[in-house]
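S.K.: what shape does this take:
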Amino acid sequence: MPSFKIDLSTAVVFVATAPTPKLANAKTGERAMDRETGAPLSTVGLLISDEGEGNLYQVTIPETGFPEGLTPGMPVRVVDLKARDWENEFNGQKRHGIAFRAVAITPAA
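M.R.: Numbering: from 1, shown residues only. As a prediction, this is how the structure comes out:
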């Protein structure tokens with residue numbers, strides 16, 4: 001499925017929740033890995049505020065793409081944020097949503 005780049009040039013972005021390991025299989029504890037680089041993946045909650053509106057997004061990012069010490073409330077910059085829609089069927093029920101992925105997160109200057 002295609003992905004779409006999200007323009008954050010006018011937005012203010014803060015860490016809402018610290019990065020946590022993303023799991024490929026919750027039952028076994030198997031870690032999700034980046035298909036291209038093989039880096040372990042994590043999920044971080046970001047509060048993105050733009051034009052008077054703020055939203056919380058869970059963004060997947062490779063562990064190599066963020067510094068240690070990201071804490072809630074910290075202003076950050078997001079590199080190459082993309083959105084991709086997804087759909088699957090589990091136990092006979094269809095589910096769908098939007099997945100967010102970034103290449104890196106850096107502290108705002």
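S.K.: neighbours of residue 47, just the number please.
M.R.: The number of residues packed around residue 47, counting by other C-beta atoms under 10 Å, is 19. All C-beta spots, glycine's among them, are computed from the backbone N, C-alpha and C.
S.K.: residue 53 is in contact with that one, correct?
M.R.: No. Residue 47 is not in contact with residue 53 according to C-beta atoms under 8 Å; the separation is 11.0 Å.
S.K.: hey, what's residue 23 bridged with?
M.R.: Under DSSP bridges, the beta-bridge partners of residue 23 are residue 31.
S.K.: for it, give me its contacts.
M.R.: Residues near residue 23 by C-beta atoms under 8 Å, 6 or more residues apart in numbering: 29-32.
S.K.: ok, and the most crowded of these?
M.R.: residue 32 (16 neighbours).
S.K.: how much space between it and residue 77?
M.R.: Residue 32 sits 24 Å away from residue 77, going by C-beta to C-beta, to the nearest Å.
S.K.: name the helix or strand for residue 77, please.
M.R.: Under the criterion of DSSP states H and E, residue 77 resides in strand 75-79.
S.K.: and that strand, what's buried?
M.R.: Neighbour-count burial for strand 75-79, counted by 16 or more other C-beta atoms under 10 Å, picks out 76, 78.
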